[in-house]
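with the input below, show me the fold.
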Amino acid sequence: MGLPTFTVVGLPDAACREARDRVRAALLSSGVNWPPGRITVNLAPSGIRKEGPGLDLAIAMGVLVADEQLSAESLADTAFLAELGLDGRLRAVPGVLPQVRCLNTAKVVVAPESAAEAALAKGPVIRSPATLSELISAIRGEEAWPDPPEPGSANPLDEIADLADVRGQHMARLGLEVAAAGGHHLLMIGPPGAGKTMLARRLPGLLPPLDEATAIEATMVHSAVGLNLPSSGLIRRAPWQAPHHSASMIALVGGGSRMLRPGAISCAHGGVLFLDEMGEFGPQALDALRQPLEEGVIRVNRAAAVASFPARFLLVGAMNPCPCGELGQPGMCRCTPLARLRYARRLSGPLLDRFDLRIHVGRPEVSDLFDAPPGESSAEVRARVDRVRVVARDRGVASNSELPDDALEEFAPLDPEAKGLFSNAIADGRLTARGFQRVRRVALTMADLAGQEPPLTGGIVAQALFMRTEPVTVAHDPWSLANAR
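From the prediction side, this is the model:
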């Protein structure tokens with residue numbers, strides 16, 4: 001038998017290696033005899049690094065079976081996913097939902113806090129005893145399996161700030177509505193204190209609840225990263241992610257040296273990725289967004305592994321017109337022309353071309369702040385957004401921004417005036433070929449909001465063009481060149 005030892009092999013990390021102490025303390029606290037002698041736990045396959053405390057419960061069950069305190073038949077076709085406390089309590093671990101979906105077993109034992117999440121897999125029977133002693137008694141048939149905790153309700157929309165709080169900013173409010181209705185990416189440029197962040201934070205309240213497939217994907221990503229989930233286990237409300245401008249490229253798109261993890265764009269899957277002070281983000285990190293913006297998925301390639309994460313999100317950017325933020329205010333801007341041009345170039349042309357809407361957000365008028373009545377509430381705007389989304393689903397897509405180019409000929413034909421406006425914009429270099437299709441989708445969304453049937457009219461197209469190529473301040477401003485791409 002050898003001297004009493006407990007060894008964990010198979011490339012465990014520090015948290016996984018410490019399971020030997022947690023498992024021993026949990027078994028002794030649960031009134032179970034600790035087997036004397038030499039115990040070696042092999043985590044196969046040995047070539048893959050094991051991370052985290054999620055194997056604690058499985059190791060404890062393996063020790064009891066090896067010591068013949070439990071029969072192997074009683075644990076047949078059962079998986080165990082939980083951390084063990086020193087007092088024998090079962091604790092939740094990250095990534096329960098994706099792990100349960102990958103298992104091919106009839107039963108899975110998880111901590112009570114993970115029961116609602118694990119049940120979303122809709123496959124194995126979920127057992128959720130609170131303690132190790134309850135689990136052992138149920139396996140031995142001495143007591144019945146405890147009932148799983150009642151699932152909570154989904155997170156309500158009432159927690160999101162209301163759009164009625166925004167005074168003035170009529171063009172920016174319209175931009176939010178069009179972005180929500182059609183899934184169009186939005187860039188807001190304006191001086192500090194104009195309300196760009198306030199507007200962006202109200203965008204999730206305009207978006208419809210996630211469909212079943214997207215909700216499952218978003219929940220799996222949040223679970224794998226270790227973010228908090230609603231009490232119901234399933235994320236129904238559009239997620240919101242607002243990383244700091246110091247975030248690295250890996251923090252944004254995902255990756256890592258040993259274990260590949262989803263980034264902020266995957267955590268925003270189905271919802272909104274808000275980049276405040278967008279001009280302060282690293283150019284390499286911003287340009288890494290271009291591929292997932294087009295494909296809705298991010299492929300992370302490393303020497304040791306390759307992974308694909310869902311990343312279909314609505315990108316909203318906010319930035320100042322210049323480093324000091326006062327460009328356009330008479331006598332206020334302290335920036336040199338070179339500093340302004342350098343700041344404007346922080347967003348590359350290909351990335352800027354992917355913003356369907358580019359809105360100038362000026363400081364509100366005094367009359368808007370004190371005398372203007374409240375604007376429409378989020379519920380009123382969301383009702384129109386929902387109607388447009390229903391129309392998009394009838395076209396076979398979740399939103400108009402996902403319509404393929406060939407479908408635009410069917411659903412968004414142009415009248416002669418609209419064709420002329422597009423021809424002039426492309427000939428003048430104000431619009432690229434990709435930008436032409438994007439503006440066409442925006443015009444279709446605006447027509448749906450207005451209840452207009454095809455073909456797209458010149459008035460709708462002119463408004464869509466204006467919302468993409470509107471000059472930010474004055475003609476000699478370098479942003480006027482950037483916005484004309």
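
could you tell me how many residues sit around the closest residue to residue 182 other than its chain neighbours?
In space, residue 182 comes closest to residue 445 once its chain neighbours are excluded; the distance is 3.2 Å by C-beta to C-beta, 6 or more residues apart in numbering. Where C-beta positions appear, they are placed from N, C-alpha and C, glycine not excepted. Using other C-beta atoms under 10 Å, residue 445 has 30 neighbouring residues.

my guess is residue 445 meets residue 403, correct?
No: with contact defined as C-beta atoms under 8 Å, residue 445 does not count as touching residue 403 (10.0 Å).

how near is the residue nearest to residue 182 to residue 113?
As judged by C-beta to C-beta, to the nearest Å, residue 445 and residue 113 stand 41 Å apart.

for the stretch 51-200 of the chain, which segments are assigned as helices?
Remark: helices assigned in the stretch 51-200 of the chain by DSSP state H, counting those that start in this stretch are 56-66, 96-102, 115-119, 132-140, 170-182, 196-201.

and for the stretch 251-400 of the chain?
Under the criterion DSSP H, counting those that start in this stretch, the stretch 251-400 of the chain contains helices at 264-267, 283-287, 290-295, 337-344, 349-352, 366-370, 378-394.

ok so, going back, out of the helices of the stretch 51-200 of the chain, nearest to residue 210?
Of all those, it is helix 170-182 that lies closest to residue 210, at 13.7 Å by C-beta to C-beta.

list the buried residues for the closest one?
For helix 170-182, burial by neighbour count (16 or more other C-beta atoms under 10 Å) applies to 171, 172, 173, 174, 175, 176, 177, 178, 179, 180, 181, 182.

repeat that for stretch 368-375.
By neighbour count with 16+ other C-beta under 10 Å, stretch 368-375 contains the buried residues residue 375.

show residues contacting that stretch.
By C-beta atoms under 8 Å, 6 or more residues apart in numbering, the list of residues contacting stretch 368-375 from outside reads 163, 164, 165, 166, 167, 168, 169, 173.

ditto for stretch 165-176
Applying C-beta under 8 Å, 6+ apart, the set of residues contacting stretch 165-176 from outside is 163, 186, 188, 194-196, 198-199, 202-203, 206, 357, 359-361, 364-365, 368-369, 372, 374-376, 381, 467.

now with 7 Å, please.
Residues outside stretch 165-176 that contact it (C-beta atoms under 7 Å, 6 or more residues apart in numbering): 163, 186, 188, 195, 198-199, 202-203, 206, 357, 359, 361, 364-365, 368-369, 372, 375, 467.

stretch 13-31 now?
Under the contact criterion C-beta under 7 Å, 6+ apart, stretch 13-31 has outside partners 6, 8, 34, 49-53, 55-56, 59-60, 63, 84-88, 131-133, 136.

how about the strands of the stretch 201-350 of the chain, start to end?
With DSSP state E, counting those that start in this stretch, the ranges of strands along the stretch 201-350 of the chain come out as 240-241, 254-255, 261-262, 272-276, 297-301, 306-310, 314-319.
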